[in-house]
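> Here is my input; please provide its structure:
(2 chains)
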2 protein chains.
Amino acid sequence: MELWYTEKQTEQFGITAKIRETLVTEKTDFQDLAMIDTIEFGRMLVLDGMVMTTVKDEFVYHEMVAHPALYTHPNPKHVLVVGGGDGGVIREVLKHPEVEKAVLVEIDGKVIEYSKKYLPEIAGELDNPRVEVIVNDGYMHIHDHKNTYDVIMVDSTEPVGPAVELFSRGFYQGIFEALKDDGIFVAQTDNPWFKADLIQSVNRDVKEIFPIVRVYCANIPTYPSGLWTFTLGSKKHDPLQVDETKIPEIDTKYYSPRLHKAAFALPKFVEDLCK
Amino acid sequence: MELWYTEKQTEQFGITAKIRETLVTEKTDFQDLAMIDTIEFGRMLVLDGMVMTTVKDEFVYHEMVAHPALYTHPNPKHVLVVGGGDGGVIREVLKHPEVEKAVLVEIDGKVIEYSKKYLPEIAGELDNPRVEVIVNDGYMHIHDHKNTYDVIMVDSTEPVGPAVELFSRGFYQGIFEALKDDGIFVAQTDNPWFKADLIQSVNRDVKEIFPIVRVYCANIPTYPSGLWTFTLGSKKHDPLQVDETKIPEIDTKYYSPRLHKAAFALPKFVEDLCK
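Numbering: from 1, shown residues only, chains lettered A, B, ... in the order given. Just a heads-up that it's a prediction; the model follows:
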């Protein structure tokens, strides 16, 4: 018998992956959670029917959330990750020795629990002493912490279920206020092939709040279309003004100093969405 | 009743697309050919069970085969396209007014016939007077035309079926000899997630023949992993030495002057394959 996990990424298109076994399926207080062991991509975390991360390709997303912002800010000491309960972004953040404290605010404790159990290569740094893990609503945390963080990273699910409010103008305003005077934020903002409207509306909202707004892309095979966008808003520091020759070579598989600015060179149809 | 086209891109992973109808399925003299009308990506040409092109995302592949090489060569008058019977690369080549003649050598006349019939937005320029269409073996054509072309583009299927010899060292040597003294060639070279070995071996072979070898990437949603590589070999002109400010803004949806060099900035794991 062959078992395949098939995900409709749109109503008319999807991916399908042969699986060894299903490790977890559970309805948490916030969403449907599944942990599946696929042959091609290894273990895979699925929330509300959407792939969140897989052992084989997780490095792309986690590196590309963390490093462009952290190598743009000259001295990021206090970092907040909203969502990201699998711990992958935290692992990348800790590669920056100047980060004194990384706070993770994940709404769903079950994501943390099952990631620690089944995805140790991703979640392994959640117990690091430089990390504080808070199980709470990221929206609330942001509004309770004014002028606190150097960098804020929004590692949310898609704007359905618990993450709807994480794509609102009010949330971006809250982030602006939770950042210090030269703070930077970055959020995953879905793909330009099937969700062009979302990218446009986020871009418009963030531009009304932050003086510097940049969009960059990365290839993630298990995400819809394989092309993912990230929107960065900054109060002072521009990722395109960074001296790439001063970025150190760290232990990464996707991000590199040579890719730092190049990732912001967008396909023309994506560039047009962000005008 | 719902009909879905499912393609195994590896033994354990694939894509699935809901379809309106199957327009053609035929065993040609060279391969299995299908033309399918999908809802998400429009009409889709499938050869030997692999998506070759779709109406929705074809522009990425065709622009990215054609423009990086043509904006690197200072005066490309004579261009050869090997394969590419759907006509998409030819359409992009003709956007360069300095190209006097574009020769298409496609081994399978049925690909041309059905593309003209069902993909007119892609194949529409095959009857342009600047184009010569030859139904023949590209390998033979290359070896019969020494010192002839300014730019050669290899728009082949994967290295199975009729395209096996188009990934051989002998073929690249033939291309070198078919090019003029400052000629450039480019070939599609599959994806780095599932075909790392192929990219490495092509890179090694081409480096033994051409003094300048560069690899670049583009996102193609319907191709395996969504990330495609292209290998460029050049006798004299380096795509990374081009003055981007002198590249004109032409009618494209993916390629742009700003992307010309950035496309060559590779994810680190791809960069490592090409060392």
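
> Quick one: the helices in the stretch 51-200 of chain A, in order.
Ranges of helices in the stretch 51-200 of chain A, per DSSP state H, counting those that start in this stretch, are A:58-70, A:88-93, A:109-118, A:120-123, A:138-144, A:169-178, A:196-209.

> Pick out the residue in the stretch 51-200 of chain A sitting closest to chain B.
Using Cβ to the nearest Cβ, the closest approach of the stretch 51-200 of chain A to chain B is made by A:Trp193 at 5.5 Å. In this view, the C-beta of every residue, glycine as well, is placed from N, C-alpha and C.

> just the stretch 151-275 of chain A next, same as before
Residue of the stretch 151-275 of chain A nearest chain B, by Cβ to the nearest Cβ: A:Gly226 (1.6 Å).

> Verify the stated contact: that residue with B:Gly226.
Yes. With contact defined as Cβ atoms under 8 Å, A:Gly226 and B:Gly226 form a contacting pair (1.6 Å).

> Quick check: neighbours shared by those two?
Applying Cβ atoms under 8 Å, 6 or more residues apart in numbering or on different chains, one finds that A:Gly226 and B:Gly226 are jointly contacted by A:219-220, B:219-220.

> May I ask which two of those are separated the most?
Spatial extent of those (Cβ to Cβ) is set by the pair A:Ile220 and B:Ile220 at 13.9 Å.

> where do the contact lists of the two overlap?
Between them, A:Ile220 and B:Ile220 share these contacting residues under Cβ under 8 Å, 6+ apart: A:226, B:226.

> Of the shared contacts of A:Gly226 and B:Gly226, which belong to strands?
Within these, residues falling in strands by DSSP state E are A:219, B:219.

> most centrally placed residue in chain A?
Per Cα atoms, centre = their mean, the C-alpha nearest to the average position across chain A is that of A:Asp155, at 3.3 Å.

> Quick check: that residue touching A:Val79?
No. Here A:Asp155 lies out of contact with A:Val79, judged by Cβ under 8 Å, at a distance of 11.7 Å.

> Longest strand in chain A, please.
Using DSSP E to define each element, chain A has its longest strand at strand A:13-27.

> then it to CSV, C-alphas only?
Output for strand A:13-27, consisting of C-alpha atoms alone and laid out as CSV, is shown next (Å, rounded to 0.1, in the frame of the first residue of the first chain):
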residue,chain,number,x,y,z
PHE,A,13,-3.2,22.9,-8.0
GLY,A,14,-1.2,21.1,-5.3
ILE,A,15,1.7,19.0,-4.3
THR,A,16,1.8,15.3,-3.4
ALA,A,17,4.4,13.5,-1.3
LYS,A,18,4.8,9.8,-0.6
ILE,A,19,4.8,9.2,3.1
ARG,A,20,6.3,6.6,5.5
GLU,A,21,3.9,7.3,8.3
THR,A,22,1.7,9.9,10.0
LEU,A,23,3.1,10.7,13.4
VAL,A,24,0.5,13.1,14.8
THR,A,25,-2.8,14.4,13.8
GLU,A,26,-4.4,16.6,16.4
LYS,A,27,-6.9,19.5,16.7
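
> which helices and strands does that strand pack with?
Identification of packing neighbours for strand A:13-27 by 3 or more Cβ pairs under 8 Å, 6 or more residues apart in numbering or on different chains; DSSP states H and E yields strand A:3-8, strand A:32-38, helix A:109-118, strand B:13-27.

> In this structure A:Gln173 contacts A:Ile209, no?
Yes. Using Cβ under 8 Å, A:Gln173 and A:Ile209 qualify as a contacting pair, with a distance of 5.8 Å.

> Any idea what A:Val133 is bridged to?
Going by DSSP bridges, A:Val133 is paired in beta bridges with A:Leu104.

> neighbours of it, just the number please.
The criterion is other Cβ atoms under 10 Å in any protein chain shown. On that basis, A:Val133 has 19 neighbouring residues.
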